[in-house]
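Student: Got a sequence here, can you build the structure:
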Amino acid sequence: MNQPLVSILDDEPEIRLILSEALTEAGFRTMTFARATEFEASLRKTVPDVCLVDLSLPDKDGLTLVHRLALEQGAVVIIISGRAQVQDRVTGLELGADDYIIKPFDPAEVVARIRAQLRKERVTRQSQSNTASFNGWTANFDSYLLLDDTGSSTPFSHAEGEVLRLFLESPKRLISRTQMQETLGGAAGESFDRAMDVRISRLRTKLREDPKNPRLIKTIYGAGYIFLGDVEWH
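Tutor: From the prediction side, this is the model:
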């Protein structure tokens, strides 16, 4: 079995070295980059399993890059940043990051978080197939695409896909905020709640839902959400 590949994008040489050594010792392969342009050039040749991305880059905006990664790549995206404000964490998660680690960090914690994300991916893939049909839509979790009944496609991010899969695996059942946090991971609190609100709002937009009266993803105020579609997995 191939060792998972982790791409590290950080302009600080010490950070790249610390992460690369810790991950190599833990059994991962690594590639390191100081600039976003080098990192993006590498992505055209090799798609890593995990991307560790710093937000303060010398040549590009880190948040914009995270958003692109979330939409275009199948990799887990983890932000590692010195920006510790709640709003920065919320924005990073809203744009599609799977996790947010604040500098300074313990390398062992980074390794543990990466393993947790990959384990979650592996369990998800093993649990059932990666294509589901519901109410005229097809969600493909391999290509991260939503297809309507005309064949028109709309991409969704890895993070949005986690929420969508959670709904599709439990149709017509109440899913509480606590259940979402326990299933999807991340620290409970305002930043997690706001990130979930944004991901659900984006899913509703992509599913062409009426924001005032959504048919598929219903909000049960004070309790959670219910997905009302008829789901068939392939």
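Student: Pretty sure residue 206 sits against residue 157.
Tutor: No. With contacts counted by Cβ atoms under 8 Å, residue 206 stays clear of residue 157, the gap being 10.2 Å. All C-beta spots, glycine's among them, are computed from the backbone N, C-alpha and C.
Student: Specify which residue of these two has the higher count of neighbours.
Tutor: residue 157 (26 against 17; other Cβ atoms under 10 Å).
Student: In contact with that one, which residues are there?
Tutor: The contact partners of residue 157, by Cβ atoms under 8 Å, 6 or more residues apart in numbering, come to 67, 70-71, 96, 144.
Student: Please indicate which of these are buried?
Tutor: By neighbour count, with 16 or more other Cβ atoms under 10 Å, the contacts of residue 157 hold 67, 70, 96, 144 as buried.
Student: Just the ones of these in strands?
Tutor: The members of these all map outside strands under DSSP state E.
Student: domain assignment for the protein?
Tutor: Partitioning the chain according to automatic domain parsing yields domains covering residues 5-126, 128-233.
Student: Switch the ones you listed over to CSV; also include mean pLDDT.
Tutor: CSV is the format used below for the domains of the chain (pLDDT from 0 to 100):
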stretch, mean pLDDT
domain 5-126, 89
domain 128-233, 88
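Student: Return the most buried member of those.
Tutor: domain 5-126 (a mean of 18; mean count of other Cβ atoms under 10 Å).
Student: ok, residue 51 touching residue 77?
Tutor: Yes. Residue 51 is in contact with residue 77 according to Cβ under 8 Å; the separation is 5.1 Å.
Student: Identify the contacts common to these two.
Tutor: With Cβ under 8 Å, 6+ apart as the test, residue 51 and residue 77 both reach residue 69.
Student: for the longest helix anywhere in the chain, packing partners?
Tutor: Determined from DSSP state H, the single longest helix within the chain is helix 107-127. The contact analysis (3 or more Cβ pairs under 8 Å, 6 or more residues apart in numbering; DSSP states H and E) places helix 107-127 against helix 13-25, strand 50-53, strand 76-81, strand 99-102.
Student: For the residue located most distally from the centre of the chain, I want the exact helix or strand it lies within.
Tutor: The outermost residue of the chain relative to its centre, with distances by Cα atoms, centre = their mean, is residue 150 at 27.3 Å. Under DSSP states H and E, no helix or strand contains residue 150.
Student: Look up how far residue 116 lies from it.
Tutor: 39 Å (Cβ to Cβ, to the nearest Å).
Student: Over to residue 96?
Tutor: 18 Å.
Student: next one: residue 37
Tutor: 30 Å.
Student: Then residue 229?
Tutor: Separation of residue 229 from residue 116 (Cβ to Cβ): 29 Å.
Student: Same question for residue 62.
Tutor: Shown here: residue 62 relative to residue 116, a distance of 22 Å by Cβ to Cβ.
Student: In this protein, mark out all the helices, start to finish.
Tutor: According to DSSP H, the helices that the chain contains are 13-25, 36-43, 62-72, 86-94, 107-127, 158-169, 177-184, 190-206.
Student: Contacts only, for residue 141.
Tutor: Applying Cβ under 8 Å, 6+ apart, the residues contacting residue 141 are 124, 130-132, 161, 165.
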